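Q: predicted model follows, preceded by the sequence.
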Amino acid sequence: MLKEERQAYIIKQINLHNKVLSSDLSVQLAVSEDTIRRDLNELAESGKIMKVYGGALSKSFHYPFQQNEVYAKDAKKIIVQKTMNLVQNGMVLLAGGGTTMIEWARSVPDNMECTVFTVSPLVGLELTERAGVEVILIGGQLSKNSHINTGALTINLLADIKVDLCIMGTNGLSYDAGITESDWEVVQVKKAMLKSAQKTAVISIGEKLESVQKMKICGLNAINYLITDLDPKDAQLKRYAEAVQVL
């Protein structure tokens, strides 16, 4: 594979999953980690990605966010609208982090009245612009990679609440493997979020279908809604609809 093709693949993976690990890319592309590090350095120097220890982040995932750099923004707007249809005045919500969740927070109507617990300071900051939304930040150690609070404190605090609806994104989404992640600390937080909610909606762009990360959060039968930018009758979602309500 030519360097240009390899780097295009790297950018695609970063855009899809917000972050990548050098070790994973080395296996996927069958090249040395030194080669991957050189690729990441070149991409970072050209301003296309944000290099971090052990891998890289998408520029659209790095604070402060540039709205014009959000990957698949039109698709995420479709997801946001579908997700908003589940939210009613008076509800108590639990919000995860990620670029799609930030787009959701930006789209909450000014006249919406609800309470939102969130593990994401960035989602919380967006929601504070809405007069009718009470925002409660779930504390903990702020992850430099995922930009959500993690650790024992976060998990303990989540265990003390019960919300009507949890909305969270995912790094991996597969019919067989379910909802998966690449970060162990994030996995533990998302498992705690599931336990804190009466119902859970997982949101994801359709491009992530049949992508699998190393660590499992839950099977599809553990969530209530799967929300993508695709038409619910799309052939790609047919099997998913057997396990979960697809919106």
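A: In hand now; what should we look at? Nothing here was measured: the structure is a model prediction, and the numbers come from that model.
Q: leaving out chain neighbours, which residue sits closest to T118?
A: Closest residue to T118 apart from its sequence neighbours, by CB to CB, 6 or more residues apart in numbering: A95 at 4.1 Å. For the C-beta atoms, the positions are set from N, CA and C on the backbone; glycine is no exception.
Q: for the one you found, give its distance to Y240.
A: To Y240, A95 is 23 Å away according to CB to CB, to the nearest Å.
Q: ok, the two, which is more surrounded?
A: A direct count of neighbours by other CB atoms under 10 Å for A95 and Y240 places A95 higher, at 29 against 21.
Q: what's the pLDDT at the residue positioned nearest the centre of the chain?
A: Geometric centre of the chain, nearest residue: G169, 3.4 Å, by CA atoms, centre = their mean. Listed pLDDT for G169 reads 94.
Q: tally of neighbours for the closest residue in space to it that isn't next to it in sequence?
A: Of all residues not flanking G169 in the chain, G98 sits nearest, at 4.0 Å (CB to CB, 6+ apart). The tally of other residues near G98 (other CB under 10 Å) stands at 24.
Q: relative to A177, how far out is G98?
A: G98 is 19 Å from A177, by CB to CB.
Q: same check on Q7?
A: Distance of Q7 to A177, computed by CB to CB: 27 Å.
Q: number of residues surrounding H147?
A: Neighbours of H147 under the rule other CB under 10 Å: 22.
Q: can you check T150 too?
A: 22.
Q: can you tell me which residues contact the closest residue to it other than its chain neighbours?
A: Distances taken as CB to CB, 6+ apart place E185 nearest to T150, at 4.0 Å, with adjacent residues excluded. Residues near E185 by CB atoms under 8 Å, 6 or more residues apart in numbering: S143, S146, T150, G151.
Q: of those residues, the lowest pLDDT goes to which?
A: S146 (83).
Q: isn't that one right up against D183?
A: Yes. Counting by CB atoms under 8 Å, S146 touches D183, with 6.0 Å between them.
Q: so for the two, which residue has more residues nearby?
A: Counted by other CB under 10 Å, S146 and D183 do not tie: S146 has more neighbours, with 24 against 20.
Q: the closest residue to that one other than its chain neighbours - how many residues pack around it?
A: For S146, ignoring the flanking residues on the chain, the nearest one in space by CB to CB, 6+ apart is V186 at 5.1 Å. Here the count is done by other CB under 10 Å, and V186 has 22 residues near it.
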